[in-house]
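1. Based on what follows, work out the 3D shape:
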Amino acid sequence: MASTEQNGGAISAINVTPFVDVVLVLLVILMVTSTSLVKASIGVDLPRAASASETVDRTLNLVIEADGDLLLDGEVVDEQRLSETVKAAIAQDPEVRAVISADRNAPYSAVIRGIDLAKAAGLSKFALDVERGAP
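-> Numbering: from 1, shown residues only. Here you go, the predicted model:
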C-alpha cells in the first residue's frame, strides 16, 4: 500500500538522504584505495639521505656550452675523451654520479648527445642542473 500525505495525496518528494550517504561512502572508499594504487603503480627510485658512513667518492661535472662544446670537470673534451673518462671513473667507482649543466642557448641536440655519450659509457646516475628562481 502506497503511503499518502495527510490530505490523502501521494508523496511526490524523493528522500535523497540515503542516496547521498551511499555516494559519500563510495567516495571515501575510492579516495582511500586510489592513493595506494597510485603509489604501487609509479616506480620511483627515491633518494636516500647521506649518512656518516656513506659518501660519494666522485662526481663528474659535464657542461654543454652555448656553442655545443663539452666540458668535463672544467676541461674541454671531445666525444672520445668524454667516453674514456666516464668509463675510467666507473671502473674506479661503480657508483659515480654526474651533474649535467647546459647553457640555456645550447642546441637541444648537443644536450641529448652529451647525455647519450655519458649513458653509453655506462653512467646510470646523473642529475640535470638548473638555476633556481623564476625564468
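
2. alpha carbons only for contacts and neighbour counts from here, please
-> OK.

3. ok, then the element right after the lengthiest helix in the chain?
-> Using DSSP state H, we find that the single longest helix of the chain is helix 17-41. Per DSSP states H and E, helix 17-41 leads on to strand 59-64 as the next helix or strand towards the C-terminus.

4. What average pLDDT does the longest helix of the chain get?
-> Averaging pLDDT along helix 17-41 yields 79.

5. helices and strands around it, which ones?
-> Applying 3 or more C-alpha pairs under 8 Å, 6 or more residues apart in numbering; DSSP states H and E, we find helix 17-41 packed against no helix or strand.

6. where's D78 relative to T85, distance?
-> 11 Å (C-alpha to C-alpha, to the nearest Å).

7. who has more neighbours, those two?
-> T85 (17 against 12; other C-alpha atoms under 10 Å).

8. The more buried one: which element?
-> Counting by DSSP H and E, T85 is part of helix 79-92.

9. Sweet, I'm off.
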